[in-house]
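*Asks:* Attaching a predicted model along with its sequence, questions to come.
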Protein chains: 2
Amino acid sequence: MTTETTTKSKQAPAQFAGVAKLDQQLCFALYSASGLMTRLYRPLLDPLGLTYPQYLAMLALWERAPSTVGELGEALGLDSATLTPLLKRLEAGGLVTRRRDPADERRVLVEPTAKGQALREQAKSVPAAMLCNLPLDADELKSLHRTLTRFVSGLRKADAGAANRS
Amino acid sequence: MTTETTTKSKQAPAQFAGVAKLDQQLCFALYSASGLMTRLYRPLLDPLGLTYPQYLAMLALWERAPSTVGELGEALGLDSATLTPLLKRLEAGGLVTRRRDPADERRVLVEPTAKGQALREQAKSVPAAMLCNLPLDADELKSLHRTLTRFVSGLRKADAGAANRS
DNA sequence: TACTAAACAATCGTGTACGATTTAAATGGA
DNA sequence: TCCATTTAAATCGTACACGATTGTTTAGTA
C-alpha cells in the first residue's frame, strides 16, 4: 500500500484504485466465462466432431458460402495463422472445400461440402441444449448480450487504434 | 427451413428460436471479448515479460504465496496440464520458485522470487492503463461485472455437474 | 500391517491463438 | 510497360488449453 504518484500522470478519475481493481476482476470474469463456456459446448459439439472455434467457422459458412479466409477471419476475429490450420482440419474431415479464387489467385474460397451442409441439421439442437446450461433468465441474457455487444465493439475500436499506432 | 419436431422433445420455452440464437450470439460475444481483451493487455504486459495467463498467475501468487499448483488451478480455472508448463516458464524467467512440499511430497509449492516480488511494483500501473482501453463508463463496468460474476458462478456449477455426470 | 483407493502433479497428443516473416498475386503510378 | 506497393494466405515459433494417462505419494480400511 505504498502511496505513490505513478498514477497521477494518467488522467485517471479520483476513485481510480477501486475501478482499476474492478477492471482487473472484469477482465478475469470475461476470461473465465469464455473458458467455461467453451468447456460446456464440448459435450454438445463432440458428437458433431467439432471444436467450438470449428463450430463458429461452420456457422459463418452456413450463413455465407463461399467465403474467403479473410472474410472468415473478419467475422470471427481470427487471423490466417489460426484459420488456415483450422480450415485444413475441417477439410480433412470432409466438411469444407478450399480452392483458390480463379478471379483472384491470392484468395482462397472456403465452402461447406454436402457433408458439411448435412451437419447443419444436427447442429440445430445445439443452441437449445446450451441454453439449458446458461444460468441467467431470458431478460438477464438479453441485458448481458446488449452490454457485451457494446463492450466488444468498443474494444474492437481500441484494438484497431492500437494496431494503427504500431 | 424444414419444419421439424426435433426441438419439441426438449422442454424448451415457446420463444425458443429467438433465445437460442441470442445464446449463440452471447457465447460468441464472450469469446470475442475475451480474445480482444487479451490482445489489449499484450502491449501493457510485454514490457513486464508476461503473457495474460502468466499475469493472472502472478496476481494470484502476489495475493497468496506459497500456493500449490492445485490452489492456483482452482483460483484461475486451469488444470495442471496448463499450469505446469506455464509455471516452468515463469521459473525459467526467474520470477517464481517451485519445490515439493516437504510435508506432502505430492504437492508442489510455488512462490515468487525477489524478482517476482519486484515485478509487482511495475505491474501496478497496468490496471489503470487497461482501464483507458475499456469502452464503458464506471457504472456500466460495475453492472457488467455484477452480471458476469453471477454468470460465471452459475456456469461453474453447470460445469461441476457435467463433470460429475461423466 | 498390507493393500486398495484417492489425490496430486507431470506428461502426451491435439487444437487453438497470434506476432513476425515469407511467398505469390494483383494494383497503381511514373 | 515496369516496378514498387499493397494485399492475401501460408508458414514458423511460442504459448496457452484441456482430455486422457501416468507415476508417485498419501490416506483409509480390512
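*Replies:* Structure received.
*Asks:* Now do the strands in chain A.
*Replies:* A:67-68, A:96-101, A:104-112 (DSSP state E).
*Asks:* from these, which stretch is densest packed?
*Replies:* Counting by mean count of other C-beta atoms under 10 Å in any protein chain shown, strand A:67-68 has the highest mean neighbour count of these, with a mean of 18. (Each C-beta comes from the backbone N, C-alpha and C, glycine too.)
*Asks:* List the strands paired with that one, with their directions.
*Replies:* strand A:104-112 (antiparallel) (DSSP bridges).
*Asks:* Please enumerate residues in contact with the partner strand?
*Replies:* Outside strand A:104-112, the residues that touch it by C-beta atoms under 8 Å, 6 or more residues apart in numbering or on different chains are A:58, A:61-62, A:65-70, A:72, A:87, A:95-101, A:119-120.
*Asks:* for chain A, which spans come out with low pLDDT?
*Replies:* For chain A, applying pLDDT under 70 flags the ranges A:1-22, A:162-166.
*Asks:* how about the residues of it near DNA strand D?
*Replies:* Residues of chain A lying near DNA strand D by C-beta under 7 Å from any atom of the strand: A:31, A:35, A:38-39, A:42, A:68-70, A:73, A:80-81, A:83-85, A:87, A:98, A:106-108.
*Asks:* Quick one, which of those residues are buried?
*Replies:* The neighbour-count test (16 or more other C-beta atoms under 10 Å in any protein chain shown) marks A:31, A:35, A:38-39, A:69, A:73, A:83, A:87, A:107-108 as buried among those.
*Asks:* hmm, which two among the residues you listed are most spread apart?
*Replies:* The largest separation in those, counting by C-beta to C-beta, is between A:39 and A:107 at 34.7 Å.
*Asks:* Identify all contacting residues around stretch A:61-80.
*Replies:* Outside stretch A:61-80, the residues touching it (C-beta under 8 Å, 6+ apart) are A:53, A:56-57, A:60, A:82-84, A:86-87, A:96, A:101, A:107-112, A:116-117, A:120, B:32, B:35-36.
*Asks:* how close does residue A:74 get to residue A:30?
*Replies:* As judged by C-beta to C-beta, to the nearest Å, residue A:74 and residue A:30 stand 21 Å apart.
*Asks:* Which one's more surrounded, those two?
*Replies:* Neighbours were counted for residue A:74 and for residue A:30 using other C-beta atoms under 10 Å in any protein chain shown; residue A:30 has more, 27 against 13.
*Asks:* okay but the more buried one is in contact with residue B:35, surely?
*Replies:* No - shown here, residue A:30 and residue B:35 do not form a contact pair, counting by C-beta atoms under 8 Å, at 9.6 Å.
*Asks:* Not counting sequence-adjacent ones, nearest residue to residue A:49?
*Replies:* Of all residues not flanking residue A:49 in the chain, residue A:93 sits nearest, at 6.3 Å (C-beta to C-beta, 6 or more residues apart in numbering or on different chains).
*Asks:* actually residue A:116, not the one I typed
*Replies:* residue A:95 (3.9 Å).
*Asks:* And that neighbour, how far from DNA strand D?
*Replies:* Distance of residue A:95 to DNA strand D, given as C-beta to the nearest atom of the strand, to the nearest Å: 16 Å.
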